[in-house]
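Colleague: Take a look and give me a structure for this.
(chains A, B, C and D, ligands or ions: 4)
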Amino acid sequence: GPTPVPTAAPVVVTKEVPVVVTATPAPTKPAKVFKVALILPSTMDDLAWSQSMYQGVKKVKEEMGPAMEFTVSENLYKIVDAGAAIRDYAGKGYDLVIAHGSQYQTVVRDIAREFPKTSFAYGTGFQTGPNIFAYDPQAQQGGYMLGMLAAGMTKSGKVGIVGPVKGGDAIKYNEGFKQGVAAINPKVIVLETYTGSFAEFVKAKEMAATHMDAGADVLTGTAQQSVSITKAAAERKGVYMLCSDMDQSKLAPDTVLASQIYQWDEVVRRMITLNKSGILGGERLVLDFSGGKLQLVYNPKLEGNIPKDLKDKVEKAKQDIISGKLEIKLP
Amino acid sequence: MVEQLLAQGFIIGVLATSIRLTAPMLFAALGEMFAERAGVLNLGVEGIMLMGAYFAFWASFTSESPWLGLVAGMAIGGLMGLGMAFISVNLRANQGISGIGIYLLGWGLSSLFFRLTFGAISGVAGFQPVNIPILSAIPVLGPVLFQHNVVVYIALLLVPLSYVVLFKTTFGLSLRAVGENPEAADTMGIQVYLIQYVCVILGGILAGLAGAFLTVGQMNMFVDNITAGRGFIAIALVYFGRWSPYGILAGSFLFSIVDALQMWMQVIGFGVPYEVLVMQPYILTVLVLALAVGRSGGPAALSKPYVRGGT
Amino acid sequence: MVTSWLKERPLLNDMLVSLLAVFAAFVVGAGLLVLAGADPLVAYRPLLLGAFSSRYGITETLVKATPLLLVGLGIAVAFRGGILNIGAEGQLIVGTIATTWVVLAFKGLPGPLLLLLALAAGFLGGALWGAVPGVLKAKIGANEILITIMMNQIAALLLGFLIRGPMIDAEEVAYGTGYPQSALIPEGSWLLRLPQTRLHAGLLLALLAAFLVYVFLWRTTLGYQIRVVGTNPQAARYGGISVARNLIIATCISSGLAGLAGMIEVTGVHHRLLDGISAGYGFTAIVVALFGKLHPLGIIPASFLFGALLVGADMMQRTVGIPAGLVNSIQGLVVVFVVSTEIWQRRRA
Amino acid sequence: MTPHDEPPRNPIAPTAAIPCATGRDQTVQFLEMKGITKRFPGVLANDHVDFQVRSGEIHALLGENGAGKTTLMRILYGLYQPDEGKIAINGKAVTIRSPREATALGISMVHQHFMLVPPLTVAENVILGLKSTREPWLNLGEAQERIAELGRCYGLRVDPRARVWQLSVGEQQRVEIIKALYRRAELLILDEPTAVLTPQEVQEFFTILRQMARQGQAIIFISHKLHEVTALSDRVTVLRDGQVVGTMLTSATDRQRLAQMMVGREISFQRYKDPVNKGEVALELQGVWAQGDKGLPALKGVSLTVSQGEILGLAGVAGNGQRELAEVIAGLRPATQGKVVVGQKDVTNRSPAEIIAQGMSYVPEERMRVGTIVDFSVAENAILETHGQAPLARGWFLDYQAIGRYAEKLIADFDVKTPSQDTPVRHLSGGNVQKLILARELSRSPRLLVAAQPTRGLDVGATEYIQKRLVEQRSKGTAILLISEDLDEVLALSDRVAVMYEGQVVGVMPTSEASVEELGLLMAGVKKQLPA
Ligand SMILES: Nc1ncnc2c1ncn2[C@@H]1O[C@H](COP(=O)(O)OP(=O)(O)OP(=O)(O)O)[C@@H](O)[C@H]1O
Ligand SMILES: Nc1ncnc2c1ncn2[C@@H]1O[C@H](COP(=O)(O)OP(=O)(O)OP(=O)(O)O)[C@@H](O)[C@H]1O
Ligand SMILES: [Mg+2]
Ligand SMILES: [Mg+2]
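Modeller: Numbering: from 1, shown residues only, chains lettered A, B, ... in the order given. Ligands and ions are numbered 1, 2, ... in the order given. Got it, this is the predicted structure:
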């Protein structure tokens, strides 16, 4: 039978947003209301990169209540459109404009120059500016731990990565994953493929199937199309999926073993605080396990299947990463 | 590496995958073939596929029956075909533009409705592969041909069926005449507009079916823009196949097999950059077209709206 | 009565019909808005006025109109020569690649010279990409629709490959983000901009191009030949006009203009090579060209109209926070309704 | 849903019976059209036309180009709706909303421009729109048999399995007739059917028509060739400017009178020609071979010379290689063997441009498809070959003043009837299109003019004018190769006559020594002239 619909929250919000805005049109807003705009490359319900950030901001919004105003523009993968949106928000006097993708770096830099009073943020990235925050998830850290799990759980000795494009968040995660696998069992083969797009869902699923035909019994992957991988894995017996960005176990309760999840709310909170204290940018906000902004969550339903010693090894690696004893190098 | 390439598992994998990839292309391309044979160029296939995909998902989700999903996909496809027919046959709109309009509309509506009805990604059971008894046991051939879900078989059967309809029935004769020379057909008492309507609607139904296959036969879920350009490829394949069912079968299978092949080559891990591998099906199509297909006129009256008495 | 009165004023008639069509589209769209839980009256304000109300709206409209105009002109030239160029998207991308590569390769040169180089590179890059289907059609009659559709995909993937491999920004590699994008092009090669906006000098270039295309098609012997070939190839051969030669010339000019649009996007807007740099201008421009009745004087307003529609739609989505899908739907409705009412417009040759 | 969408009165194909014999009452008034009026933007195509046809009669319909003949017939066939007027069949008032209804009423039409679907076979074309006896399946086998049968008893030889694009014009003509017979038409409309046939074919064709009439079929026969009308028809109706000038028994009138009724003035059928004074050879063909569209050799070693100041008439049945020959000379079709010399220059397989530069002009058989760009204005058509030359062009740029003056001159010199030089050619009548082409081709004062079917489908007036201009041009010293299937024309204009049969020149003789009978035999391939 069909799996139940997960939280319908996004729907509620898309309806709630207009009310907020129309209630208080941009120019004549009371001074203390803090206005945040969010630019998303895919949809706010992609169960991945975009939705994770969207929910982060939403969380902060719920805390601050009327003191904060929050608008979101989705599906702006194309930089031209995103640029238009960013500029428009800046012009409308928003305090913080978050462009959620590394591809936005250039446009953000361009526009930030012309709106010195506005805070801008983008990521994954490192180049900051006087009024630009760059946030930088250390995806390789969670990748490493999930890699360890993969190597420990595989029976066939083959695990597969279905990537979107070779860049940004994806390569950092994949790199960490491969090192994690090697740490547990160098003999385990890592199959690595890319669809060439963030949104080739059908191809992603067929690639996942190909991985499994080739013998892989643990899969992973990033970006919005990763739901396809999860789905593909769910349709075969005895295959595990390891998620990044968000926990997709709702979509496949018997397949998703563990996930690395991003605590964006922390990042957003930090940026708001800085902004209010007059610091509009210049800081590179790192998301990692030590800061607790990255977390590893197990799917309670399957957690039991993981051998104790493997889980301990992962836990140890986590502690070493936090303490800085273990650093995952990127090529 | 080479021995891996020659391994049986590899070959079976490639062929099986390519057949799964072929199915949606076949539905959409065969549908477009009928429309174009009757003289109507429908560039809106992509949009119709997306609508079919969404409604099939919605229906099978709520009814828990993938079959109802297929029906819903075909229904909405036919409806959009009807719209396209009205615009291009009665209103004689430029078929190039109206197609693009239909595409935008279909894409937009599908993702809008999805947001309103679901709001979050979720899955359906969809069609499960059925192993045809005995046949599926045949080594190599079995796994390749006889271990798919029923919709794949429907797609393959549609090829000879379309051929028969096109070349062995009165209706087929009339529609070929309409696409070649509507004035002559008209003077011979053929109801040109009626034929064009039927064919464009049929094209819509099949495009809807193609979309439905993606959501309830392949992905078992819906996501925004799930077709990712397959509708346009299908149109290309109609030219590739020179408006003939068997030509289209050859084209879409060739295209899919190369796609499946490049996936496997990535899995096996060649030194080649993956972009180059992903490019292969497209490059190949261009080459085949350039070297083999050559001149392919197509129906003489294609995309020329017909009005009795000229003007 | 009215209709007959309008018949004497065909242009007014056409505009009125189009406006009514757009209105009808919005009425239907209003239904969808209500469905999405938004108040149509609130939503439509930014859609209709957004593009004109603010300095931002106006300039953004022009920013979008610029590539639409250039590509649209190209598509018109091809059309007049009897070719349906669906490949503008790919040609535009290759234009951006060629431009960025040349500009980065000759960093040292003074700005103006660099810009001239970029101009040539963009045009030639697009033209070369377009020459493939052009030559194949002219020499072996291969179908250009199919080939250009395929070559669009190839171009996109080629771009991806280059900005991840050969052309990737050294800094990105150094840091390890490896985000796929080229290095910034030297400031000298940036087109002039109106401060506080993205409006750049490329617009003037596009308008100049419109004038030149008009002159080319209707005032030069080559333009005449291309139109003959496009309208009746048999008559062309009979009249001693080489069909193959003119087909190739037409496609090259067409794709060259698309490449030029790419050059302008790089030097005017992005200042570097990025994934998804084209934003589907190649397709929208087909609609623009046909709206503009394949005539520069029509394509100029058409490109502005669509620029405004795109900008207004974005603003509507932002101010009212409706799902992106609704925006596509309404744009689709507008296209469908306007094209459906052509039958009540004067038919132009 | 569709504007012409009516109750499915789809006629069932008659099951195989003897297709020939069906006796009908010869005396009844089969068709009566009363006060038919049809307006087109700016034209009154039919003006209160009264027109009757009896079963078993052959009724000729005469009139100049644009007189309204085709329009009247298209109304009868349901392709146009009349603005005013009534139609009665067998005394019953009817409204004919579409060809389907016309067919159901026993009306068939052979159109001035054939209504065939080239990629389909003859059989497929014939059964188009008919229900098969094995619905929904096609029953081509049965159709092919019946077509063969009809072919036998009417002497209409054509292969039912051949694809129509492979057929000669004459064969296509037969397919059109078969379509009518197959449908058991009681009234057959023939719009200029003989324009494409040889004398022999015309004779056969007339026999067929007379036989059909004897069986009680009513036949409406439209032609510009008065001698055919007088030879074939029982009654004649003459149209001028959309009005009926009169209807009379054919026996009670003659060519001169009919011509006068049509045109409203005297027409001279004599051609006064000054004697030949041959100049140097302008065109020389040496053993030219070439392939036809079907990939078979269409020219098998053609050798000819045409000198300046003479008209060489090239007679022959349609589809014996005349068209291919013209195309080879014009550089539009490659010669596989042999030599083509224009002036002193060997132009074998050179580009059309080069050959044009050698002073070759060509009036192609297909006016609308090849000779002109119908969507372009008269002026733009006038400069097709010369647009690159001064004064029309200055460097890369066109000079529209000069072009305007040039077009005006052509229009005036060849009195082309057109609203303005900016009018699209598609709005001109056939005769005026031909005048425009001739004007364009002659204005280059060519060394050689190849004219293919220059007067086909043109009315007496236009024909007379075109022929006059050709003779003038020849006297100015141009060498003219006149390709025509109209023997009278060939005999009237040529100084020498050549005959083509199956891709070869089977005879060349001075016109003085040529007779219709002899030429006819040569054209039919019965007789072959021994090389003198
Ligand atoms: N028995 C067959 N097996 C496989 N393919 C076939 C067969 N018969 C025909 N085809 C394919 O169908 C196409 C159309 O069939 P066919 O050419 O017989 O009909 P047609 O009337 O010529 O079609 P067209 O409109 O292309 O002329 C052929 O070009 C061929 O590719
Ligand atoms: N569809 C049409 N639209 C506008 N005008 C038309 C149309 N068809 C015919 N006419 C005009 O009506 C008049 C009669 O045309 P028609 O074809 O009946 O003449 P015709 O006697 O058949 O001439 P021809 O001997 O050249 O065939 C002409 O002036 C023609 O230009
Ligand atoms: Mg006529
Ligand atoms: Mg064929």
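Colleague: shaky segments in the stretch 201-311 of chain B?
Modeller: Scanning the stretch 201-311 of chain B for pLDDT under 70 picks out the ranges B:291-297, B:309-311.
Colleague: Mind jotting down where the helices sit in the stretch 351-500 of chain D?
Modeller: Shown for the stretch 351-500 of chain D, the helices assigned by DSSP state H, counting those that start in this stretch span residues D:352-357, D:378-382, D:400-413, D:430-442, D:460-475, D:487-493.
Colleague: Nearest to chain B, out of the ones you listed?
Modeller: Chain B lies closest to helix D:430-442 among the helices of the stretch 351-500 of chain D, at 14.5 Å (C-beta to the nearest C-beta). Any C-beta I mention is one placed from the backbone N, CA and C, and that applies to glycine too.
Colleague: what sits up against that closest one?
Modeller: Residues outside helix D:430-442 that contact it (C-beta atoms under 8 Å, 6 or more residues apart in numbering or on different chains) are D:65, D:361-364, D:367-368, D:371-372, D:378, D:381-382, D:384-385, D:410-411, D:413-418, D:425, D:428, D:449, D:451, D:454-455, D:457-459, D:461-462, D:465-466, D:469, D:473, D:478.
Colleague: Stretch D:421-428 too?
Modeller: Contacts of stretch D:421-428 (C-beta under 8 Å, 6+ apart): C:349, D:368, D:372-379, D:381-382, D:404, D:407-408, D:411, D:416-419, D:433, D:436.
Colleague: Quick check on the residues you listed: which are buried?
Modeller: Buried subset of those (neighbour count, 16 or more other C-beta atoms under 10 Å in any protein chain shown): D:368, D:372-374, D:376-379, D:381-382, D:407, D:411, D:416, D:418, D:433, D:436.
Colleague: And those residues, which is closest to D:Asp241?
Modeller: Using C-beta to C-beta, D:Thr418 comes nearest to D:Asp241 of the buried ones among the contacts of stretch D:421-428, at 17.6 Å.
Colleague: Flag the shaky bits of chain C, pLDDT-wise.
Modeller: In chain C, residues with pLDDT under 70: C:1-4, C:6-11, C:175-178, C:346-349.
Colleague: now with 50?
Modeller: By pLDDT under 50, the weakly predicted segments of chain C are C:348-349.
Colleague: tell me the centre residue of it?
Modeller: C:Leu68 (2.8 Å; C-alpha atoms, centre = their mean).
Colleague: what helix or strand does D:Trp289 sit in?
Modeller: strand D:281-291 (DSSP states H and E).
Colleague: Moving C-terminal from that strand, which element do we reach first?
Modeller: strand D:297-307.
Colleague: List buried members of the contacts of helix D:430-442 by neighbour count.
Modeller: D:65, D:361-364, D:367-368, D:371-372, D:378, D:381-382, D:384-385, D:410-411, D:414, D:416, D:418, D:425, D:428, D:449, D:451, D:454-455, D:457-459, D:461-462, D:465-466, D:469, D:473, D:478.
Colleague: for whichever residue of the stretch 251-400 of chain D sits closest to chain B, what are its contacts?
Modeller: Relative to chain B, the nearest point of the stretch 251-400 of chain D is D:Val374 (11.1 Å; C-beta to the nearest C-beta). For D:Val374, the contact set (C-beta under 8 Å, 6+ apart) comprises C:Asn232, D:Met368, D:Pro424, D:Val425, D:Arg426.
Colleague: Leaving out sequence neighbours, find the closest residue to it.
Modeller: Excluding its sequence neighbours, the residue lying closest to D:Val374 (C-beta to C-beta, 6 or more residues apart in numbering or on different chains) is D:Arg426, at 3.9 Å.
Colleague: Do a quick rundown of the helices in the stretch 201-331 of chain A.
Modeller: Under DSSP H, counting those that start in this stretch, the stretch 201-331 of chain A gives helices at A:201-213, A:226-234, A:264-276, A:300-303, A:308-323.
Colleague: B:Ala260 is nearest to which of those?
Modeller: Using C-beta to C-beta, those put helix A:201-213 closest to B:Ala260, at 7.5 Å.
Colleague: can you give me the helices for the stretch 151-300 of chain D?
Modeller: D:169-182, D:199-214, D:226-232, D:255-263.
Colleague: residues near the residue nearest to A:Pro66 when sequence neighbours are not counted, how many?
Modeller: Closest residue in space to A:Pro66, ignoring its immediate chain neighbours: A:Val33 at 7.1 Å, by C-beta to C-beta, 6+ apart. A:Val33 sits with 14 neighbouring residues when counted by other C-beta atoms under 10 Å in any protein chain shown.
Colleague: ok, now D:Thr250?
Modeller: 18.
Colleague: Does it touch D:Arg235 like I think?
Modeller: Yes - assessed by C-beta atoms under 8 Å, D:Thr250 is found in contact with D:Arg235 at 6.2 Å.
Colleague: Now do the shared contacts for those two.
Modeller: The contact lists of D:Thr250 and D:Arg235 share D:Ala60, where a contact means C-beta under 8 Å, 6+ apart.
Colleague: For residue 309, give me the pLDDT.
Modeller: Let's take chain A. At A:Asp309, the pLDDT value in this model is 93.
Colleague: um, chain D though
Modeller: 93.
Colleague: which element is it on?
Modeller: D:Gly309 belongs to no helix or strand, assigned by DSSP H and E.
Colleague: Quick check on it: phi, psi?
Modeller: phi 90, psi 0 (degrees, to the nearest 10).
Colleague: what's near enough to touch it?
Modeller: Counted by C-beta under 8 Å, 6+ apart, D:Gly309 has contacts D:Val276, D:Asn277, D:Lys278, D:Gly279, D:Arg474, D:Ser475, D:Gly477, D:Thr478, D:Ala479.
Colleague: Enumerate the residues of the stretch 101-250 of chain D near ligand 3.
Modeller: D:Gln112 (C-beta under 5 Å from the ion).
Colleague: which non-adjacent residue is nearest B:Phe253?
Modeller: B:Thr22 (5.2 Å).
Colleague: Could you do A:Ile328 as well?
Modeller: The spatial neighbour of A:Ile328 that comes closest, neighbours along the chain excluded (C-beta to C-beta, 6+ apart), is A:Gln140 at 4.5 Å.
Colleague: what's the distance between that neighbour and chain B?
Modeller: 20 Å (C-beta to the nearest C-beta, to the nearest Å).
Colleague: so that residue makes contact with A:Glu175?
Modeller: Yes - using C-beta under 8 Å, A:Gln140 makes contact with A:Glu175 at a distance of 5.4 Å.
Colleague: Now do the shared contacts for the two.
Modeller: By C-beta under 8 Å, 6+ apart, the residues touching both A:Gln140 and A:Glu175 are A:Ile328, A:Leu330.
Colleague: and the gap between D:Ile483 and chain B?
Modeller: In terms of C-beta to the nearest C-beta, D:Ile483 sits 27 Å off from chain B.
Colleague: That residue - how many residues pack around it?
Modeller: Applying other C-beta under 10 Å, we find 23 other residues in the vicinity of D:Ile483.
Colleague: How about the contacts made by it?
Modeller: D:Leu314, D:Gly316, D:Gln322, D:Arg323, D:Leu325, D:Ala326, D:Glu365, D:Val450, D:Ala451, D:Ala452, D:Gln453.
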